[in-house]
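Task: produce atomic coordinates for the following.
(chains A and B)
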Amino acid sequence: AAGVIQSPRHLIKEKRETATLKCYPIPRHDTVYWYQQGPGQDPQFLISFYEKMQSDKGSIPDRFSAQQFSDYHSELNMSSLELGDSALYFCASSIGYGTEISGNTIYFGEGSWLTVV
Amino acid sequence: QQPVQSPQAVILREGEDAVINCSSSKALYSVHWYRQKHGEAPVFLMILLKGGEQKGHEKISASFNEKKQQSSLYLTASQLSYSGTYFCGTEFPSTGNQFYFGTGTSLTVIP
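Numbering: from 1, shown residues only, chains lettered A, B, ... in the order given. You can find the predicted model right below:
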């Protein structure tokens, strides 16, 4: 079965550079979530999209932006990278909006490792 | 608004049992449970939708007390493969898609 695809799997950037992570949700999933997980930390919710519109915002820095495209894939853009941005970034997808997601499993991609040096 | 889990860490010998608790200060619509191995994506275990619901998955089961805004994950006769970090996750009643993970519980099973 198709899963959530993330690319690239690993990325090394220098401070103040820009990075873009891509996420391809499971076919027919209309909701995408982005999470940041630092070393030894729990995943922190960044932002979510439903039907190509931003649906919720968590602890996403202003230096980060994201969007969901017409084919439902999503991109997370990170600018002016800082050392503290080094983390594993997960994308997840599910079906539904708001309380509709109750009962719907959220599937995770394998993550993109970002290292800022 | 992040759910709080307890204990933070637990070490078990193979065959022992463990309980992981997840508590929220806000009302919960549902509770998801995930297990994550180091450097890997969280793997879905189960969802509990209704207060009082209990579910089982092999030797892993969970309960959801909606009134107390709590859920518990029960691991019985633990196996080495159960090692990992367990997260509860929940969505809060709102108009958006907010799914937050709990603070996590590190479980280590030793021979």
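
Spell out which residues of chain B are next to chain A.
For chain B, the residues in contact with chain A (CB under 8 Å from any CB of the partner chain) are B:2, B:29-30, B:32, B:39-44, B:47, B:49, B:85, B:87, B:89, B:91, B:93-104. Any C-beta I mention is one placed from the backbone N, CA and C, and that applies to glycine too.

Go through those residues and flag which are in strands.
Among the residues of chain B next to chain A, DSSP state E puts B:S30, B:H32, B:V43, B:F44, B:I47, B:T85, B:F87, B:G89, B:E91, B:F99, B:Y100, B:F101 in strands.

nearest residue to residue 80 other than its sequence neighbours?
Since no chain was named, I'll use chain A. Nearest residue to A:S80, sequence neighbours excluded (CB to CB, 6 or more residues apart in numbering or on different chains): A:R63, at 5.0 Å.

hm, I was asking about chain B
B:V109 (5.2 Å).

and that neighbour, what is it in contact with?
B:V109 is in contact with B:I11, B:L12, B:R13, B:E14, B:S78, B:Q79, B:L80, B:S81, B:Y82, B:S83, counting by CB atoms under 8 Å, 6 or more residues apart in numbering or on different chains.

Rebuild these as JSON lines, extending it with neighbour count, pLDDT and secondary structure.
Formatted as JSON lines, those follow (neighbours: other CB atoms under 10 Å in any protein chain shown; pLDDT from 0 to 100; DSSP: H, G, I helix; E, B strand; the rest coil):
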{"residue": "B:I11", "neighbour count": "12", "pLDDT": "96", "secondary structure": "strand"}
{"residue": "B:L12", "neighbour count": "18", "pLDDT": "95", "secondary structure": "strand"}
{"residue": "B:R13", "neighbour count": "9", "pLDDT": "96", "secondary structure": "strand"}
{"residue": "B:E14", "neighbour count": "12", "pLDDT": "96", "secondary structure": "coil"}
{"residue": "B:S78", "neighbour count": "22", "pLDDT": "92", "secondary structure": "coil"}
{"residue": "B:Q79", "neighbour count": "13", "pLDDT": "92", "secondary structure": "coil"}
{"residue": "B:L80", "neighbour count": "11", "pLDDT": "94", "secondary structure": "helix"}
{"residue": "B:S81", "neighbour count": "9", "pLDDT": "91", "secondary structure": "helix"}
{"residue": "B:Y82", "neighbour count": "19", "pLDDT": "93", "secondary structure": "helix"}
{"residue": "B:S83", "neighbour count": "17", "pLDDT": "95", "secondary structure": "coil"}
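
now, which of those sits nearest chain A?
Taking CB to the nearest CB as the measure, B:S83 is the one of the contacts of B:V109 closest to chain A, at 15.6 Å.

Kind regards, and thank you for your time.
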